[in-house]
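# Sequence first, then the predicted structure:
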Amino acid sequence: MDASHGRVMMIILVATVLFFVGRRFQRTMDIWAGWGKAVKAAAEAAAKVPEAKSSALSAAARMIVVGLLAMLFLVLVVKTVQHL
């Protein structure tokens, strides 16, 4: 192998290494951008948590009240049927 073949092989090797380094850099930049979007989405979701929590607690309280009222109604119906 003469000197010109060696130079061609070195150019191919350097080009291949630069290609892989460039792809790795591009992937890193994409991941970094995705991470930034995820942090923003998490911050927005965290801001909604107190409102969602209070809504869930009030809905649970309403379900308990409705359940107690239904139970009271059933007790009244049973008592009424027993007295007939």
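Right, received. Where do you want to start?
# Could you chop the protein up by domain?
Following the TED database, the chain resolves into domains at 1-48, 50-83.
# need these in a markdown table with mean pLDDT, can you?
Converted to a markdown table, the domains of the chain look like this (pLDDT from 0 to 100):
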| stretch | mean pLDDT |
| --- | --- |
| domain 1-48 | 86 |
| domain 50-83 | 88 |
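# Redo those as CSV? Include mean neighbour count.
In this view, the C-beta of every residue, glycine as well, is placed from N, C-alpha and C. Converted to CSV, those look like this (neighbours: other C-beta atoms under 10 Å):
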stretch, mean neighbour count
domain 1-48, 10
domain 50-83, 10
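# tell me which strands and helices the host helix or strand of residue 67 is in contact with?
Here residue 67 sits within helix 3-83, counting by DSSP states H and E. The contact analysis (3 or more C-beta pairs under 8 Å, 6 or more residues apart in numbering; DSSP states H and E) places helix 3-83 against no helix or strand.
# 760 is where my numbering starts, stick with that
With 760 as the first residue, the last one maps to helix 762-842.
# Distance from it to the middle of the chain?
Centroid displacement of helix 762-842 relative to its chain, using C-alpha atoms, centre = their mean, to the nearest Å, is 1 Å.
# Distance-wise, check residue 842 relative to residue 835.
For residue 842, the distance to residue 835 (C-beta to C-beta, to the nearest Å) stands at 11 Å.
# again with residue 802
Distance, residue 802 to residue 835, by C-beta to C-beta: 51 Å.
# Please apply the same query to residue 780.
Distance, residue 780 to residue 835, by C-beta to C-beta: 79 Å.
# Could you do residue 843 as well?
From residue 843 across to residue 835, the span is 13 Å (C-beta to C-beta).
# ok, now residue 778?
81 Å.
# Repeat that for residue 774.
Using C-beta to C-beta, we find residue 774 at a distance of 87 Å from residue 835.
# what do you get for residue 819?
Distance, residue 819 to residue 835, by C-beta to C-beta: 25 Å.
# and what of residue 827?
Distance of residue 827 to residue 835, computed by C-beta to C-beta: 13 Å.
# Also residue 825?
As for residue 825, its distance to residue 835 is 16 Å (criterion: C-beta to C-beta).
# Many thanks, I have nothing further to ask.
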